[in-house]
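Engineer: prediction below, plus the sequence it came from.
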Amino acid sequence: MRLKNYICLYFLLLISASVFSQDKSTVAVKTEHPPKIDGDLSDEVWDNAPALTGFIQNYPDMGKPASQPTEVKVLYDDNAIYVGAYIFDDPALIRKQFTARDAEQQTDVDYFSVFFDTYNDNQNGFQFLVTTANVQSDARLSPNFSGDFGNYGDKTWDAVWESKVSIKNDGWVVEMRIPYISLRFAKKDVQDWGIQFLRFIRRTNETCFWNKVNPQVNGFVNQFGTLKSLQSISPPLRLSFSPYVTTGYSSTPETNGYLNQWLRNGGMDVKYGINESFTLDATLIPDFGQVISDNVVNNLTPYEVQFQENRPFFTEGTELFNKAGLFYSRRVGATPSGYYGVRSLINSNPNLELIKNPARTQLYNAIKFSGRTKKKLGIGIFNAATAPMHARIKDNSTDVETKIETEPLSNYNIIVLDQAFKGRSYVTLTNTNVIRNGSARDANVTAVDFSLFDKSNTYRTNGTIRYSKIWGMDPYDGYNATLRFGKVSGNWQYYAQGNVESKDYDPNDLGYLSAANEIAYRGNISYRQFTPTDNFITYSYSLAPRLTYLYEPYKFSSFDVTGTAFWIFKNFWDVSLTTNVTPGWAKNYFELRTDGRPLALPPNYFFQISGSTDSRKKLYVRFGGVYAIAPKYDNELTSIDLGFRYRFSDRFSLDLQSKSGFEKNQLGYAFQRETNGEPIVGFRDNREVVSVLSGIYNFASRMNLTLRVRHYWNKVNYLSFHNADAEGYLLDRPFIPGQNENFNAFNLDAFFTWDFRLGSRLIIGYKNWLGDEEYTSIAGDNTYIKNLGEIFNLRHGNEVTVRFIYFFDINQLKKKR
């Protein structure tokens, strides 16, 4: 077997471990005859490339040689870069579970990955990963990702590239072809790229890299090796199109019945490589119907619920636009601002009939222009235009229809300039603005972010300066400034940070901020053990104090201390403990929804435990628990979180996650006011249960069926009502009957996905949801099981859709001609 030829090499690697700390490099080899991508390295052209070996463990035995040898070769031409890897192992021990794309973590599969730092700036890059089942993952790397627990970059980015694998008598082989349309790099005659290779062995949870990655060193891309002397790359025109058509049928519960409609849409995504460094992405008349449903909750807090972005155009390749944290993409195409006002109008007037009230703002188009110059200046431009939205209502007493604008024509813009410096430092300028038609408000935010490392990459100083301006009927402006200094490498790490948000700082037209008008001082000191001990693979401890004030008027708000501990045991179980102590009275200036009025909260103590079992097993269990107490108000919180994932086969798995919490004597705003406008608060018993069942069946590496069912139940029983004095302390008032709540939300999402060729996809989707007017329809003092049973007697929405996407590269057409 070929494995015997590497036994001597393997022992030499064991002997020469002392040289592993040096950065590795290899000379790039250009070829005129590209290899055939068939999962076999028998093409003669591979013989021209040097073999890259000597992988080093990063986990679990950091710094030791890899337990199994790996040989990698790299070639390139004017069209693509090619990677071939022979991964030696016992075929009987190789794990081969099928997974969804980008979902290889904590599954039973081995994989191989290549990383490129094409600008060689030690900060940004690309990842391409292939599993033993030939399932692909890819990600965009940026300074915001540390590489902990397999999270090396933004996996929502999906590129078009080719891979094949094969199982051999002495291991497995992967071949990859990554076209330049999926990369960006500087326009130079001769250039060096950062390069890294990763191998993961599931049965031992071993992660090893070609160039050593030391977890004690801050950063990931800065620990790559070097691919030297790529010469005279002349890529062809980088232009691709992804036209799509969507059809389906939807039935949505409304106030006066159901809104039934045929769905039909068509559009196109375009990707144009302006040159080697810059790419323009555009989506024309997009349709985002086939996305996972939001996790709806009964929001009792004063803060807006932040939902996850699931629309592909807004998740792929947006790391530059969100480097300053000012881009909450759900603002674009959100629910029209007047949507709920129209519904309230209908519900309050029995003579009115709702004809039409769109729940989503139509997106006309959106573009992303981004790239980086040879001097490492990143440039990003984002623009999106949304249509004016209108509701139509009919007055049945007069037979007159009225058209109501619920959202004006709007334009959303982001401009980013990101200069990377030597030693991982950078300065970023970001501007976001929203322009709306007519008298509706316009908004602008300008921000400067910086991060400066010392020469040894041990200490970091970073901060932000931001200014927001709102125009409209009542214009205002505000600012935010942050400064942080800390030690970011080594076993012991720490930082101190100050943050100021003025009263009228408002980035929320295109960003997300839960609340402004705050000054916060934070600190953190932590210790992490990176190498295994007798009992643990790794562990860490941290202590973090926090002191907050109201900005205007300047008043004390709260002080608390959080301590955490985290252990990974030798059997790959993990446990974490968190304790938070607020030793004195705190003032919450946001709960009462009244400017400058606090709600006084007594000392409280919070304890949490969470963990999971060995994810290599067929049955994988996640667990958690919370106990918190505020003795002064007899306030107690208990919560239990349990999750079970069972792998029935290499193709089929199910996951059930359930969380049940009960808070006795929770104090909060009661959504009522006195006749003089004074806010009313109440003590309430708050019970919340969330259950999520999800599963996947993989027919092949690029064909699967996924299911996700979520039920959310929240029951709120008020015990007493109070007013608050000027300092936030409680005053008695009479009880208000009829304020209890029983809230349910339900969603079912099922998708069949088939990637029938590179970049092309067929998706058949089915969605079922509890109508939002049915959320509070179940009354009575009942249990979770009764609520779960009764929701099926309520009105549900249903939607069936079929979406066909076809990808073609302009160069494919040229070849055919």
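Structural biologist: Structure received. The structure displayed is predicted, hence computed values, not measured ones.
Engineer: would you map the strands across the stretch 301-450 of the chain?
Structural biologist: Taking DSSP state E, counting those that start in this stretch, the strands of the stretch 301-450 of the chain run over residues 352-356, 363-372, 377-386, 389-395, 400-407, 410-420, 426-436, 442-453.
Engineer: and stretch 251-259, how far from the chain's centre?
Structural biologist: Centroid separation for stretch 251-259 versus its chain: 33 Å, with Cα atoms, centre = their mean, to the nearest Å.
Engineer: repeat that for stretch 724-741.
Structural biologist: Counting by Cα atoms, centre = their mean, stretch 724-741 comes out at 39 Å from the chain centroid.
Engineer: list the buried residues of that stretch.
Structural biologist: Going by neighbour count (16 or more other Cβ atoms under 10 Å), the buried part of stretch 724-741 is 724, 728, 730, 739, 741. (Each C-beta comes from the backbone N, C-alpha and C, glycine too.)
Engineer: residue 358: which of those is nearest?
Structural biologist: residue 741 (27.6 Å; Cβ to Cβ).
Engineer: so the closest one bridges to which residues?
Structural biologist: residue 716 (DSSP bridges).
Engineer: wait, it touches residue 299, no?
Structural biologist: No. Taking contacts as Cβ atoms under 8 Å, residue 741 lies outside contact range of residue 299: 11.4 Å.
Engineer: just to revisit the earlier point, now the strands of the stretch 301-450 of the chain as CSV including mean pLDDT?
Structural biologist: Compiled in CSV, the strands of the stretch 301-450 of the chain are given as follows (pLDDT from 0 to 100):
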stretch, mean pLDDT
strand 352-356, 84
strand 363-372, 91
strand 377-386, 94
strand 389-395, 91
strand 400-407, 93
strand 410-420, 96
strand 426-436, 96
strand 442-453, 97
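Engineer: could you dump the ones you listed into TSV and include mean neighbour count?
Structural biologist: Shown next, in TSV, are the strands of the stretch 301-450 of the chain (neighbours: other Cβ atoms under 10 Å):
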stretch	mean neighbour count
strand 352-356	17
strand 363-372	20
strand 377-386	20
strand 389-395	18
strand 400-407	15
strand 410-420	20
strand 426-436	20
strand 442-453	20
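Engineer: which among those strands is found nearest to residue 597?
Structural biologist: strand 442-453 (26.6 Å).
Engineer: give me the angle between that closest one and strand 426-436.
Structural biologist: Counting by axes from the mean of the first three to the mean of the last three Cα atoms, to 10 degrees, strand 442-453 lies at 170 degrees to strand 426-436.
Engineer: from residue 25, how far off is the closest residue to residue 190 other than its chain neighbours?
Structural biologist: Leaving aside its chain neighbours, residue 190 sits nearest to residue 231 (5.2 Å; criterion: Cβ to Cβ, 6 or more residues apart in numbering). From residue 231 across to residue 25, the span is 16 Å (Cβ to Cβ, to the nearest Å).
Engineer: with neighbour numbers in mind, choose between the two.
Structural biologist: residue 25 (14 against 11; other Cβ atoms under 10 Å).
Engineer: report how many residues lie close to the closest residue to that one other than its chain neighbours.
Structural biologist: Nearest non-adjacent residue to residue 25, counting by Cβ to Cβ, 6+ apart: residue 226, 4.0 Å away. By other Cβ under 10 Å, 19 other residues sit near residue 226.
Engineer: and stretch 641-660, how far apart are its ends?
Structural biologist: The straight-line separation of the ends of stretch 641-660 (Cα to Cα, to the nearest Å) is 6 Å.
Engineer: give me the buried positions along that stretch.
Structural biologist: For stretch 641-660, the neighbour count (16+ other Cβ under 10 Å) marks 641, 643, 645, 647, 650-651, 653, 655, 657-660 as buried.
Engineer: from the chain's centre, how far out does it sit?
Structural biologist: 21 Å.
Engineer: does the residue nearest to residue 25 count as helix, strand or coil?
Structural biologist: Classification of residue 226 using DSSP: H, G, I helix; E, B strand; the rest coil returns strand.
Engineer: reformat the buried residues of stretch 641-660 as JSON lines; add pLDDT.
Structural biologist: Converted to JSON lines, those look like this (pLDDT from 0 to 100):
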{"residue": "641", "pLDDT": "97"}
{"residue": "643", "pLDDT": "97"}
{"residue": "645", "pLDDT": "97"}
{"residue": "647", "pLDDT": "96"}
{"residue": "650", "pLDDT": "94"}
{"residue": "651", "pLDDT": "95"}
{"residue": "653", "pLDDT": "97"}
{"residue": "655", "pLDDT": "97"}
{"residue": "657", "pLDDT": "97"}
{"residue": "658", "pLDDT": "97"}
{"residue": "659", "pLDDT": "97"}
{"residue": "660", "pLDDT": "97"}
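Engineer: of those residues, which belong to strands?
Structural biologist: Applying DSSP state E to the buried residues of stretch 641-660, the entries found in strands are 641, 643, 645, 647, 653, 655, 657-660.
Engineer: quick check, residue 581 in a helix?
Structural biologist: No. The assignment for residue 581, made by three-state DSSP, is strand rather than a helix.
Engineer: that one: how many residues sit nearby?
Structural biologist: Residues contacting residue 581 under the criterion other Cβ under 10 Å number 14.
Engineer: surely it is in contact with residue 606?
Structural biologist: Yes. Residue 581 lies in contact with residue 606 (Cβ under 8 Å); the separation is 7.5 Å.
Engineer: what about residue 85, which helix or strand?
Structural biologist: Assigned by DSSP states H and E, residue 85 belongs to strand 80-88.
Engineer: how about that strand as PDB, C-alpha atoms only?
Structural biologist: Below are the C-alpha coordinates for strand 80-88, written out as PDB (Å, rounded to 0.1, in the frame of the first residue of the first chain):
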ATOM      1  CA  ALA A  80      -8.700  28.600 -11.500                       C
ATOM      2  CA  ILE A  81      -6.600  27.300  -8.700                       C
ATOM      3  CA  TYR A  82      -6.500  23.500  -8.100                       C
ATOM      4  CA  VAL A  83      -6.000  21.600  -4.900                       C
ATOM      5  CA  GLY A  84      -5.400  17.900  -4.600                       C
ATOM      6  CA  ALA A  85      -5.100  16.100  -1.200                       C
ATOM      7  CA  TYR A  86      -4.200  12.500  -0.400                       C
ATOM      8  CA  ILE A  87      -5.500  12.000   3.100                       C
ATOM      9  CA  PHE A  88      -4.100   8.800   4.500                       C
END
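Engineer: show me what that strand is packed up against.
Structural biologist: Packing partners of strand 80-88 (3 or more Cβ pairs under 8 Å, 6 or more residues apart in numbering; DSSP states H and E): strand 70-76, strand 111-117, strand 171-179, strand 190-201.
Engineer: per-residue confidence for residue 397?
Structural biologist: Listed pLDDT for residue 397 reads 87.
Engineer: how about the contacts made by residue 462?
Structural biologist: Going by Cβ atoms under 8 Å, 6 or more residues apart in numbering, residue 462 touches 449-452, 484.
Engineer: let's see that with 10 Å instead.
Structural biologist: Shown in contact with residue 462 (Cβ atoms under 10 Å, 6 or more residues apart in numbering): 143, 425-426, 449-453, 482-486, 488, 495, 497.
Engineer: please apply the same query to residue 119.
Structural biologist: Neighbours of residue 119 in contact, by Cβ under 10 Å, 6+ apart: 125, 184-186, 191, 193-194, 277, 371-378, 420.
Engineer: switch to 7 Å and redo it
Structural biologist: Counting by Cβ atoms under 7 Å, 6 or more residues apart in numbering, residue 119 touches 185-186, 372, 376.
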